[in-house]
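Trainee: pasting the sequence and the predicted coordinates here, then a few questions.
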Amino acid sequence: MEKVAERNKNFMTTDIEGYMEGRRRFSVTLRREKRATQLKLYRYKTSNKEISYSDFSFENLKKISLIANEITVFLKILECNFHLSLIEKIHNTKSDEKKLLALKIFEKMFENKMPLKYGALLSIAHMVKDQLIISELYTTQCFSILNQISNRNIQIIWDLNLLPSILQHLNLPQVIHLIKNFSFDDTLNDILIKENILSKLLQHFSSSLNTTCLILLTLSNFASGSPSTISKLISSPIFNQALNMIDNSNIYIRKECSYILYNLSCIGDYDQLTIVNSLVDGVKISNALTFPCYQVHYNYLIFWIKMKEKNLKPQIDLEICETLALSKNPDVSKTAQLLLA
């Protein structure tokens, strides 16, 4: 037994020493490779040569990704000398691992606010579209990139007919972000309405706080849209759901609900506002006004004023108006005083 214990002890000691030596050598090798890659990148940066994707093998890029704060070193080169052929070569890659790395590079490009012209944005969008069709492995990254593209040039989404793919993934918060971006444009939100977007959004309405707030923001954009968009909005079940959340305990939800009625009161016609007035519960607005939020106070006071101007007899809470007339916020106090006059 003693011989066995001695042998095990020697084995463990040798094994640990070997492991530590191997780890040290690996660290030295890694540092050398890192320095060599960074030197190569530095030489590219100080010269005016066009960057070539082939000059940086996948293994090189992977090392940069793992070691040098992901791909920020690589991006320094791109900032100096960006070329569309780089995107085209990434686009044509076959490996899933390479595709994921490419998506990370694109995400970093947008994070670093790299200036990208229409051609580059279109090429990136093409790759993302192909990736969505071929595989759903990286849908989150794909939609994160599409979101950034839409912030810069929303027309690309329509040029590539990406809407069908987008609507298939409405369960992702990144996609709701995209829809929110579309709804700022009258032409685009009319297209969304025709795509039955309201009933599709309703399926995800209460899935999470973030998603609910984004959907309410989208509805408030629709509420300032064309007459046909407003008519579709106020006759949809999701509008009633939104009205039920007017006095929700969450400040973000209350704020977005108040913008919906504020926008409707400023844009909607008499017939539309008559329908809205019949659906709105005045008690809920009064409850919402008891919470501290100047923006919510102002939005609902304006809503009451606009409805009053159209002789629609909204359920105005005069007691709360008197309290708000003493508000420290000048816009709120003036608007409340105007309502009481």
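Mentor: Yep, it's here.
Trainee: how close does Thr290 sit to Leu261?
Mentor: Look at Thr290 and Leu261: by CB to CB, to the nearest Å, they are 17 Å apart. Every residue, glycine included, has its C-beta placed from N, CA and C.
Trainee: same check on Gln148?
Mentor: 32 Å.
Trainee: which one of those two has more residues nearby?
Mentor: Leu261 (26 against 19; other CB atoms under 10 Å).
Trainee: element containing the more buried one?
Mentor: Assigned by DSSP states H and E, Leu261 belongs to helix 251-267.
Trainee: buried ones in that helix, by neighbour count?
Mentor: 253-265, 267 (16 or more other CB atoms under 10 Å).
Trainee: put the alpha carbons of that helix into CSV.
Mentor: Output in CSV follows, covering the C-alpha atoms of helix 251-267 (Å, rounded to 0.1, in the frame of the first residue of the first chain):
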residue,chain,number,x,y,z
ILE,A,251,-43.4,54.5,-15.1
TYR,A,252,-42.3,53.5,-18.6
ILE,A,253,-45.6,51.8,-19.4
ARG,A,254,-47.6,54.8,-18.1
LYS,A,255,-45.5,57.2,-20.1
GLU,A,256,-45.9,55.3,-23.4
CYS,A,257,-49.6,55.0,-22.8
SER,A,258,-49.9,58.8,-22.2
TYR,A,259,-48.1,59.5,-25.5
ILE,A,260,-50.6,57.3,-27.4
LEU,A,261,-53.5,59.5,-26.2
TYR,A,262,-51.5,62.7,-26.6
ASN,A,263,-50.7,61.9,-30.2
LEU,A,264,-54.3,60.9,-31.0
SER,A,265,-55.6,64.1,-29.5
CYS,A,266,-53.3,66.2,-31.7
ILE,A,267,-53.7,64.2,-34.9
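Trainee: now do that helix: everything it contacts.
Mentor: 209, 212-213, 216-217, 219-220, 223-225, 230, 234, 242-243, 245-248, 272-273, 276, 280, 285, 288, 291, 293, 295-296, 299-300, 302-303, 306-307 (CB atoms under 8 Å, 6 or more residues apart in numbering).
Trainee: generate a PyMOL selection restricted to the buried subset of those.
Mentor: To isolate the buried members of the contacts of helix 251-267 in PyMOL, using 16+ other CB under 10 Å:
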select buried, resi 212+213+216+217+219+220+223+224+225+230+234+242+243+245+246+247+248+272+273+276+280+285+288+293+295+296+299+300+302+303+306+307
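Trainee: report pLDDT for the residue nearest to Glu256 when sequence neighbours are not counted.
Mentor: Spatial nearest neighbour of Glu256, excluding adjacent residues (CB to CB, 6 or more residues apart in numbering): Leu216 at 3.5 Å. pLDDT for Leu216: 94.
Trainee: does Leu216 really touch Ala242, like I thought?
Mentor: Yes. Taking CB atoms under 8 Å as the definition, Leu216 is a contact partner of Ala242 at 6.0 Å.
Trainee: picking up where we left off before, adding pLDDT and distance to Met109, write the buried residues of helix 251-267 out as JSON lines.
Mentor: Formatted as JSON lines, the buried residues of helix 251-267 follow (pLDDT from 0 to 100; distance: CB to CB, whole Å):
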{"residue": "Ile253", "pLDDT": "95", "distance to Met109": "34"}
{"residue": "Arg254", "pLDDT": "96", "distance to Met109": "37"}
{"residue": "Lys255", "pLDDT": "95", "distance to Met109": "33"}
{"residue": "Glu256", "pLDDT": "95", "distance to Met109": "31"}
{"residue": "Cys257", "pLDDT": "96", "distance to Met109": "36"}
{"residue": "Ser258", "pLDDT": "96", "distance to Met109": "37"}
{"residue": "Tyr259", "pLDDT": "96", "distance to Met109": "33"}
{"residue": "Ile260", "pLDDT": "97", "distance to Met109": "35"}
{"residue": "Leu261", "pLDDT": "97", "distance to Met109": "40"}
{"residue": "Tyr262", "pLDDT": "96", "distance to Met109": "37"}
{"residue": "Asn263", "pLDDT": "95", "distance to Met109": "35"}
{"residue": "Leu264", "pLDDT": "96", "distance to Met109": "39"}
{"residue": "Ser265", "pLDDT": "95", "distance to Met109": "42"}
{"residue": "Ile267", "pLDDT": "91", "distance to Met109": "38"}
